[in-house]
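Chemist: pasting the sequence and the predicted coordinates here, then a few questions.
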Amino acid sequence: MYTIYVGDKPIILTTKVEKETYFKTYLLKTVNIGKVIKKLNTTDLQGVHLVHAKPEKLLKLFLKLLPNVIAGGGKAYNAKSEVLFIYRNNKWDLPKGKIEHKESIEETAIREVEEETGVEGLKITKALPTTYHIFKRNGKHKIKITYWFEMKTNFEGQLFPQENEGITEVKWLDDKASQKALENSYANIRILV
């Protein structure tokens, strides 16, 4: 089973037909994804199930519905076990960005965290769950596939928000502050923190 977000509303890829009051179910092979996105954005529908009999085909078939954007990002910890957050588009988020040229996804993740925050000396400690969300750019919907990594650093320098990317704040947040920030964040970020 996979979950793809449209805003904070889930599209759940599944092999089981489940009856839920505020969810609609469609067959993955015949779904009109544009209509599903519109319905999620303009109605009180809470989510959608896309069903296919073969679990190994769920994600593969779904990713063919829209152009894919591959990104890497990081949940970075400092020596005090605080998590690095960015503030962009009036929401708290974790730093991430698109893969460039021939870099590995791990290189992308470290580069993006460094560029968006000014933090240096990052080391990947483990892979985290991959997230999927649908966004609209230049009038077209796309699926962003973000490969996340847990990172650690002893960096104690000044943080620099990458303003040309719309980032207005960068902060190290302890557990309590992280939970508060998540109240004004994205569903796929809440999965990671």
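Modeler: Yep, that arrived. Residues are numbered from 1 along each chain as shown.
Chemist: looks to me like E56 is in a helix.
Modeler: Yes - E56: assigned to a helix according to DSSP: H, G, I helix; E, B strand; the rest coil.
Chemist: what count of nearby residues applies to it?
Modeler: By other C-beta atoms under 10 Å, 8 other residues sit near E56. All C-beta spots, glycine's among them, are computed from the backbone N, C-alpha and C.
Chemist: gap between it and K64?
Modeler: 14 Å (C-beta to C-beta, to the nearest Å).
Chemist: quick one: name whatever helix or strand follows the helix ranked longest in the chain.
Modeler: Counting by DSSP state H, the longest helix found in the chain is helix 105-117. For helix 105-117, the following helix or strand on the C-terminal side (DSSP states H and E) is strand 123-127.
Chemist: packing partners for that following strand?
Modeler: helix 105-117, strand 140-152 (3 or more C-beta pairs under 8 Å, 6 or more residues apart in numbering; DSSP states H and E).
Chemist: could you check the angle strand 140-152 makes with the first one?
Modeler: With axes from the mean of the first three to the mean of the last three C-alpha atoms, to 10 degrees as the basis, helix 105-117 and strand 140-152 are set at 90 degrees to each other.
Chemist: for helix 105-117, name the packing helices and strands.
Modeler: Using 3+ C-beta pairs under 8 Å, 6+ apart as the contact test, the elements touching helix 105-117 are strand 68-77, strand 83-88, strand 96-98, strand 123-127, strand 140-152, strand 167-173.
Chemist: using TSV, please lay out the ones you listed together with mean neighbour count, distance to H52 and mean pLDDT.
Modeler: Listed next are the helices and strands packed on helix 105-117 as TSV, based on neighbours: other C-beta atoms under 10 Å; distance: least, C-beta to C-beta, whole Å; pLDDT from 0 to 100:
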stretch	mean neighbour count	distance to H52	mean pLDDT
strand 68-77	21	18	97
strand 83-88	22	34	98
strand 96-98	18	28	96
strand 123-127	13	26	98
strand 140-152	19	17	97
strand 167-173	17	38	97
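Chemist: which of those sits closest to K19?
Modeler: strand 140-152 (26.8 Å; C-beta to C-beta).
Chemist: partners of that closest one in the sheet?
Modeler: strand 68-77 (parallel), strand 123-127 (antiparallel), strand 131-137 (antiparallel) (DSSP bridges).
Chemist: how's this structure carved up into domains?
Modeler: 2-63, 68-192 (automatic domain parsing).
Chemist: K24: neighbour count?
Modeler: 15.
Chemist: mind putting the helices and strands packed on helix 105-117 in a markdown table, distance to Y2 included?
Modeler: Formatted as a markdown table, the helices and strands packed on helix 105-117 follow (distance: least, C-beta to C-beta, whole Å):
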| stretch | distance to Y2 |
| --- | --- |
| strand 68-77 | 14 |
| strand 83-88 | 25 |
| strand 96-98 | 18 |
| strand 123-127 | 16 |
| strand 140-152 | 11 |
| strand 167-173 | 28 |
